[in-house]
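>>> compute the structure for the input listed below.
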Amino acid sequence: MTAAAPAPAVLPQATAKPASAAMIWSALAVVYVVWGSTYLGIRIVVEAKIPPMLGMGARFLIAAVLLAAFLAIKSGVTRLRVTRRELLGAAVVGLLLLALGNGAVAIAEKTVPSGLSALLVAAVPLWLMLLRVGGGERPRALTWLGVLIGFTGAALLALSGGDTSAKPLSVAILVAGTISWAVGSRFSPRLGLPKDPLVATLYEMVAGGTAMVLIGVLAGEPGRLHLSAIEPKGWIALAYLVVFGSLLAYSAYSYLLANAPISLIGTYAYVNPAVAVLLGWLILSEPVTAEIMLGGAIVVVGVALVVSAERRRTS
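Alright, predicted model coming up:
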């Protein structure tokens, strides 16, 4: 999940093409910094009196329109054609990852600091591992150790919310969102997504954004939306999320999928939380307590053990 601006679903990896190290590391730097900064962007949006679900729904729908226009101009409208099964698969992923996953982050960040949100979302690989166990897989002992350590850190982070502005219900919503993201990521390869990663991303954003708007309407958010009361920083943050979080970072991630080892791509899960904590502290003066630092470090160690163990298993 990865995040708030979470990463797209697990998409089919294209055949590796020759690519310069400079291009790969430039794309990776975009994913590192931009996805880490989206937690801050979401926090600013909700603080600026933009209702969370309507704001994030608008974010993804606007990004989808821009991406559709770009793809149509570059390759023709035929590139946007998908089968009914592919459309349904993208809609399910958009609902789980964006509407429920990213939407939970936006709702939670009304009280949860952006850095703490990012650290809790970093536990997604741990939920993915539990889902794999539920599917009959038997992980290595090192993997189980990583899961145990990671969830210990996540529990410490949840408890540390009492030392910040975070409310227990907001933390619970955020954790539920990470589970939804993990479920969507786990089962997306079985849903028959469009083979073109950008086209898949487009329809996921359409479905997720539409669902967010509907949820916002049902929650009464239009009655709390007063355009004249929205601070300029809210519009700037929303534009940043559209252009950089939902377009630039997605494009960089798609490039990495086609040109870089998955083990290298996966390192963003370690870097995003650090970027989010730093930016939240630097720009919004969010508290960074000893408990948050310790819990975050424990989560990152746990995730690193899981990823390392699985990398050895598949090598």
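>>> all helices for the stretch 201-315 of the chain, in order.
232-240, 249-259, 262-265, 268-284, 290-314 (DSSP state H, counting those that start in this stretch).
>>> tell me the secondary structure at the nearest residue to Ala249 once chain neighbours are set aside.
Closest residue in space to Ala249, ignoring its immediate chain neighbours: Val34 at 4.3 Å, by CB to CB, 6 or more residues apart in numbering. C-beta here means a position set from N, CA and C on the backbone, and glycine is covered the same way. Put simply, Val34 is helix when judged by DSSP: H, G, I helix; E, B strand; the rest coil.
>>> these two touch, right, Val92 and Ser180?
No. In terms of CB atoms under 8 Å, Val92 does not count as a neighbour of Ser180; the distance is 11.3 Å.
>>> looking only at neighbour counts, state which of the two leads.
Ser180 (23 against 18; other CB atoms under 10 Å).
>>> check contacts around that one.
Under the criterion of CB atoms under 8 Å, 6 or more residues apart in numbering, the neighbours of Ser180 are 96-97, 100-101, 104.
>>> and those, which is the shakiest by pLDDT?
In terms of pLDDT, Leu97 ranks lowest among the contacts of Ser180, with 88.
>>> now do that one against Val33, distance only.
21 Å (CB to CB, to the nearest Å).
>>> then Ala309?
From Ala309 over to Val33 the distance is 28 Å, taken as CB to CB.
>>> count of residues packed around Thr111?
Thr111 has 17 neighbouring residues, counting by other CB under 10 Å.
>>> so who does Ala274 touch?
Contact analysis of Ala274 by CB under 8 Å, 6+ apart lists Gly36.
>>> and the pLDDT for it?
81.
>>> how near is it to Leu28?
In terms of CB to CB, Ala274 sits 14 Å off from Leu28.
>>> kindly report the same for Val242.
Counting by CB to CB, the gap from Val242 to Leu28 is 22 Å.
>>> next: Thr152.
The value you get for Thr152 to Leu28, if CB to CB is used, is 29 Å.
>>> which one's more surrounded, those two?
Neighbour count, other CB under 10 Å: between Thr152 and Leu28, Leu28 has more, with 20 against 15.
>>> which non-adjacent residue is nearest the more buried one?
Leu256 (6.4 Å).
>>> check Leu54 too.
Leaving aside its sequence neighbours, Leu54 sits nearest to Gly216 (CB to CB, 6+ apart; 4.1 Å).
>>> wouldn't that neighbour be in contact with Pro222 here?
Yes. Using CB under 8 Å, Gly216 is in contact with Pro222, at 7.4 Å.
>>> so what sits against both of those two?
Common neighbours of Gly216 and Pro222, using CB under 8 Å, 6+ apart, are 51, 54.
>>> between these two, which has more neighbouring residues?
More crowded of Gly216 and Pro222, by other CB under 10 Å: Gly216, with 24 against 11.
>>> the more buried one: what's it in contact with?
By CB under 8 Å, 6+ apart, the contact set of Gly216 is 51-54, 57, 222.
>>> before we move on, the earlier item: which of Ala309 and Val33 has more residues huddled nearby?
Of the pair Ala309 and Val33, Ala309 is the one with more neighbours under other CB under 10 Å, namely 19 against 16.
>>> what's the spacing between the more buried one and Ile179?
On the measure of CB to CB, Ala309 and Ile179 end up 22 Å apart.
>>> please, which helix or strand holds Lys110?
Using DSSP states H and E, Lys110 is not contained in any helix or strand.
>>> so who does the spatially closest residue to it that is not a sequence neighbour touch?
Counting by CB to CB, 6+ apart, Val46 is the residue found nearest to Lys110 once chain neighbours are left out, at 5.1 Å. Applying CB under 8 Å, 6+ apart, we find Val46 in contact with 52, 55, 106, 109-110.
>>> could those go into a markdown table alongside distance to Leu159, neighbour count and pLDDT?
Formatted as a markdown table, the contacts of Val46 follow (distance: CB to CB, whole Å; neighbours: other CB atoms under 10 Å; pLDDT from 0 to 100):
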| residue | distance to Leu159 | neighbour count | pLDDT |
| --- | --- | --- | --- |
| Pro52 | 24 | 24 | 94 |
| Gly55 | 29 | 25 | 95 |
| Ala106 | 23 | 29 | 93 |
| Glu109 | 19 | 27 | 89 |
| Lys110 | 20 | 17 | 87 |
